[in-house]
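**Student:** below is the sequence, then the predicted model.
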Amino acid sequence: MPKGIEFTARMEGDGVVWDDPDGNPAINHKLHVPKGNPKDTIDFTIKDTTDLGLKFDDSDAFHVWEQEGCPPAGINTDQIELVNANPNKVRILNYNSADRTLHYVLNVVGKDGKKWPCDPIIKNDGGG
């Protein structure tokens, strides 16, 4: 059964701020996958409370790596596979086969083409 996470975009000043499902800053959000959990899909969606017409950049929706900071383009880990991306949803497969912290970015664009990325964290405990 896929896990689902919805991040909310809201305006703050001249920029977009992302909140996690609990209303906390998305940058601090860590999806924890306990040791022994089998591989599973994760669906990401966004709730746009701005007037920017935000959607996933389905041609370049998801970047991930196992180092601190913002990841470079692509999937740079053996823990994650991109299953599907469209303007409304990004689905990944998380293998959870090792104890790893995964830094990822959901690439979101406005109707004007401006980018508004969202960058939370996945914490795998492995054994899946």
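**Tutor:** Good, I have the coordinates.
**Student:** and the most centrally placed residue in the chain, what does it touch?
**Tutor:** By CA atoms, centre = their mean, the mean C-alpha position of the chain lies nearest to residue 106, the distance being 4.5 Å. By CB atoms under 8 Å, 6 or more residues apart in numbering, the contact set of residue 106 is 7, 44, 46, 56, 61, 62, 90, 117, 118, 119, 120. C-beta here means a position set from N, CA and C on the backbone, and glycine is covered the same way.
**Student:** and those residues, which is closest to residue 34?
**Tutor:** When those are compared for distance to residue 34 (CB to CB), residue 120 wins out at 17.6 Å.
**Student:** can you give me the distance of the closest one to residue 26?
**Tutor:** 5 Å (CB to CB, to the nearest Å).
**Student:** which of the contacts of residue 106 fall within strands?
**Tutor:** 7, 44, 46, 56, 62, 90 (DSSP state E).
**Student:** looking at neighbours, which among the residues you listed is most surrounded?
**Tutor:** residue 90 (25 neighbours; other CB atoms under 10 Å).
**Student:** just checking, it touches residue 43?
**Tutor:** Yes - taking CB atoms under 8 Å as the definition, residue 90 is a contact partner of residue 43 at 7.3 Å.
**Student:** give me the common contacts of residue 120 and residue 26.
**Tutor:** By CB under 8 Å, 6+ apart, residue 120 and residue 26 have these common neighbours: 7, 20.
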